[in-house]
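**Q** Dropping the sequence and predicted coords here.
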Amino acid sequence: MVRYLQDLKNILNAAFKAAGFDVDVIVRASDRPDLSDFQCNDALKLAKQVGQNPRAIAEAVKTQLDSESVFISISVDGPGFLNMKMQDAWLAKYATDMLGSDRLDLMVVDHPQKTVIDYGGPNVAKPLHVGHLRSAVIGEAIKRIIRMAGNDVIGDVHFGDWGLQMGLIFAGLEEKFNALPNLSDKSVRITMQDLSEVYPAASLRSKTDDVFLEKARDYTKQLQDGDLALRGLWKYCRDVSVNAISQNYDDLNIKFDLWMGEADVHDRLIALIKNAVHSGVIVEDDGAMIINIAREDDKKNMPPVLMMKSNGSVGYHGTDIATIEQRIDELRAQRIIYLTDKRQALHFEQVFRGAEALGFVNNGVPKLEYIGFGTMNGKDGKPFKTRDGGILRLEDLIDSVKQSGLKKVKEAGVAQDASESEQEKIALQVGVAALKFADLMNPVTTDYVFDLDAFTRFDGKTGPYIQYTAVRMQSLLAKAGSTGSDTITLYNDADRALAKEILSFQEAFADAYDKLSPHIICLKAYEIASKFNAFYHHCHIMKEDDQAKRDSWLALTSLTLKTLKKFAELIGIEIPERM
RNA sequence: GUGCCCGUAGCUCAGCUGGAUAGAGCGUUGGUUUCCGGAGCCAAAGGCCGUGCGUUCAAAUCGCGCCGGGCACGCCA
């Protein structure tokens, strides 16, 4: 819970009680900053319950509060809103507390949970493309937010390495090299380039060529049954893919704690199918092994979970369920969060029901959560494609964003004396911030238009605007040769508005954590940067003769910088030394 | 067919567990530089919140219908 709000709430609860109402009120930042700092609407809610005039209730509460010294004023407005204006010292006290706190007084959960977050989801042989971007960017931010709140979090890339796509790759490789590559021949070399050519072609062909598809299914089955040559080839392809993919994730500042995949649970899956057939949870249907998960009160068609296909191979229904068991057994997971494109919502509903049917969930533990994010569309409103109709590779996207960053840095001419490598580093930091902020500033469920021009624009509500603002603070503090005083005092509307905005970062964080919504802290960070710029233009810190005032303003600048850096840390971007 | 999501300013989007005058960015128009980095700041114009009915003291927000758009629905992932 956010402390300053809790303190304020305690005061209000006591006042409501003294007025004869035993309630737990809600206090929040005011919708009308011209009238108040905080508001409370509970008199309106109470009015209905107790059948009294809302304004009369509010007035009764106000009477109880008049002796409180923390308020400049309290008023009852409109139908019964309680508007509270706080003393400057009250706001300054909490701002000073934040200044002295490494974690900026951000909330900590009472009961930390071991949490696994499953994002990433790349596949063997497929280079990362823009479709993987959202999962990685959002997942990374959510992971960091949950971790900051005091939970033990493990991020798993969960590699797609065990389904039919493996058989398709093998069948495709066989075609390309006229035979399955023989790894004992040391001259054999398969590159990421080879894989990324073979797979799409094989996938396409399988849709019209039944013989080819059958062959791919056979290879999949043989691989899963333990064919040594295929297992060797599988490992080779997987290693090549992991190697290529991890560079992209590094560039984006995305770090997975685990690089597990579907294949890791194969033996566990086979064992659990056997047991569950015994207990009758899994039944045979049309040659396949399934779990019926439809319920009588279902309003929609609920297909069964397909644990094993009729040819004896397994797919991602099975591996996803076995992975839940594994995360409980081996990682002691109390909470598992999945992130995918929302088109997979049904799949996860099926998997969760399957896991429950198998008894993996006890008293709601682990808590299984699915976050389906919106699709990334082109300007035509259809799933994003490059100009020639292909899929944009993430690698190329990162490169173009970086180039755009470099161009801007050079145009601005600020780091001209910097080495070429430093300029490139700045360009990447700026480009990644542009990309991530553009993605995270909207709610995750929103479909959004992927517009490279808008992504790489550096004015307005963007990552670079926030970076630029923070860099100027660094420059200012360096010039002053001081980070200011240990306490913050407020002198005017500009520093007051900024201090209030910074305090509310705590609320934004708590809200973002509760709702697993990074966009809430993104919008708040923009507001903070914006308020700082207003303050910066209004208060000429270096020219201020009053030493105490100057030191307090420097302290406020330090606090703003700390807050933006904390924000950057939470969504996985960096504030450059200069830009 | 069944289920889910969406429709808010010229454009891209917030706001949706009901509350005061519906917000932001871009774009447009105007102002701002003897001054800490102007990638900035200040301001203006711009909206039957798809539509109809209902619930309520109060609806962009809740319920139902309709119109328009998107997505998913057993051997792909």
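**A** Ah, there it is. Treat the numbers as computed from the prediction; the structure is a model and nothing was measured.
**Q** give me the low-pLDDT residue ranges for the stretch 1-150 of chain A?
**A** Applying pLDDT under 70 to the stretch 1-150 of chain A flags no residue at all.
**Q** Could you verify that A:Ser75 is part of a strand?
**A** Yes. Counting by DSSP: H, G, I helix; E, B strand; the rest coil, A:Ser75 is part of a strand.
**Q** ok, it touching A:Arg32?
**A** No. Applying Cβ atoms under 8 Å as the test, A:Ser75 and A:Arg32 come out as separate, 10.7 Å apart. For every residue, glycine as well, the C-beta is placed using N, CA and C.
**Q** and whichever helix or strand A:Val153 is part of with RNA strand B, contact?
**A** Element membership of A:Val153, judged by DSSP states H and E, is strand A:152-156. No. Strand A:152-156 lies out of reach of RNA strand B by Cβ under 7 Å from any atom of the strand, never closer than 14.3 Å.
**Q** CA atoms of that strand as PDB?
**A** Below are the C-alpha coordinates for strand A:152-156, written out as PDB (Å, rounded to 0.1, in the frame of the first residue of the first chain):
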ATOM      1  CA  ASP A 152      10.900 -14.200  -6.500                       C
ATOM      2  CA  VAL A 153      10.400 -14.200 -10.300                       C
ATOM      3  CA  ILE A 154      11.800 -16.600 -12.900                       C
ATOM      4  CA  GLY A 155      11.500 -15.700 -16.600                       C
ATOM      5  CA  ASP A 156      11.400 -18.600 -18.900                       C
END
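**Q** who's in contact with that strand?
**A** Identification of contacts with strand A:152-156 by Cβ atoms under 8 Å, 6 or more residues apart in numbering yields A:112-120, A:139-140, A:143, A:146-147, A:255-260, A:331, A:333.
**Q** Also stretch A:163-174?
**A** Contacts of stretch A:163-174 (Cβ under 8 Å, 6+ apart): A:123-126, A:180-181, A:190, A:194-195, A:198-199, A:201-203, A:206, A:212, A:215-221, A:223, A:230, A:233-234, A:237, A:262, A:313, A:315-316, A:319.
**Q** Just the pLDDT for the residue nearest to A:Asn182 when sequence neighbours are not counted.
**A** Excluding its sequence neighbours, the residue lying closest to A:Asn182 (Cβ to Cβ, 6 or more residues apart in numbering) is A:Val188, at 6.2 Å. Listed pLDDT for A:Val188 reads 82.
**Q** What residues sit buried inside the lowest-mean-pLDDT helix or strand in chain A?
**A** Least confident helix or strand of chain A, by mean pLDDT, DSSP states H and E, is helix A:452-455 with a mean of 78. Residues of helix A:452-455 classed as buried: A:452, A:455 (neighbour count, 16 or more other Cβ atoms under 10 Å).
**Q** Can I get that helix as CSV, trimmed to CA atoms?
**A** Provided in CSV are the C-alpha atoms of helix A:452-455 (Å, rounded to 0.1, in the frame of the first residue of the first chain):
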residue,chain,number,x,y,z
LEU,A,452,8.1,2.8,-38.0
ASP,A,453,8.0,6.5,-38.6
ALA,A,454,6.0,7.1,-35.4
PHE,A,455,8.2,4.7,-33.5
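**Q** Tell me the helices and strands packed up against that helix.
**A** helix A:394-412, helix A:420-440 (3 or more Cβ pairs under 8 Å, 6 or more residues apart in numbering; DSSP states H and E).
**Q** ok, then the element right after that helix?
**A** helix A:463-480.
**Q** What's the mean pLDDT across the helix or strand that that next one is followed by?
**A** Scanning forward in sequence from helix A:463-480 by DSSP H and E, the next helix or strand is helix A:493-515. Averaged across helix A:493-515, the pLDDT comes to 96.
**Q** Can you narrow the contacts of stretch A:163-174 down to the ones near RNA strand B?
**A** Answer for the contacts of stretch A:163-174 near RNA strand B (Cβ under 7 Å from any atom of the strand): A:123, A:217, A:262, A:315-316.
**Q** quick check, nearest of those residues to RNA strand B?
**A** Nearest to RNA strand B among these: A:Gly315, at 3.1 Å, using Cβ to the nearest atom of the strand.
**Q** Compute the number of surrounding residues for the spatially closest residue to the closest one that is not a sequence neighbour.
**A** Ranked by Cβ to Cβ, 6+ apart and with sequence neighbours excluded, the top spatial neighbour of A:Gly315 is A:Gly163, at 5.2 Å. If you count neighbours by other Cβ atoms under 10 Å, A:Gly163 ends up with 21.
**Q** okay, A:Gly163: pLDDT?
**A** 90.
**Q** Next up, phi/psi of it, please.
**A** For A:Gly163, the backbone dihedrals (degrees, to the nearest 10) come out as phi -90, psi -160.
**Q** Quick check: it vs A:Asp110, distance?
**A** Counting by Cβ to Cβ, to the nearest Å, the gap from A:Gly163 to A:Asp110 is 41 Å.
**Q** And A:Gln344, by the same measure?
**A** Distance from A:Gln344 to A:Asp110, counting by Cβ to Cβ: 33 Å.
**Q** one step back: pick the one among the ones next to RNA strand B among the contacts of stretch A:163-174 closest to A:Ile273.
**A** Distance ranking of these against A:Ile273, using Cβ to Cβ, places A:Gly315 first at 12.4 Å.
**Q** what sits against A:Asn253?
**A** Going by Cβ under 8 Å, 6+ apart, A:Asn253 touches A:140, A:432, A:572-574.
**Q** Among those, the buried ones, what's the PyMOL command?
**A** In PyMOL syntax, the buried subset of those is picked out as below (16+ other Cβ under 10 Å):
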select buried, chain A and resi 140+432+572+573+574
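**Q** And the closest residue to A:Asn123 other than its chain neighbours, how close does it get to A:Gly139?
**A** Excluding its sequence neighbours, the residue lying closest to A:Asn123 (Cβ to Cβ, 6+ apart) is A:Gly160, at 3.7 Å. Remark: distance between A:Gly160 and A:Gly139 (Cβ to Cβ) = 15 Å.
**Q** Same question for A:Ser187.
**A** As for A:Ser187, its distance to A:Gly139 is 40 Å (criterion: Cβ to Cβ).
**Q** Between these two, tell me which one has more neighbours.
**A** Between A:Ser187 and A:Gly139, counted using other Cβ under 10 Å, A:Gly139 has the larger neighbour count: 29 against 5.
**Q** From what I see, that one and A:Leu339 are in contact.
**A** Yes. A:Gly139 is in contact with A:Leu339 according to Cβ under 8 Å; the separation is 4.7 Å.
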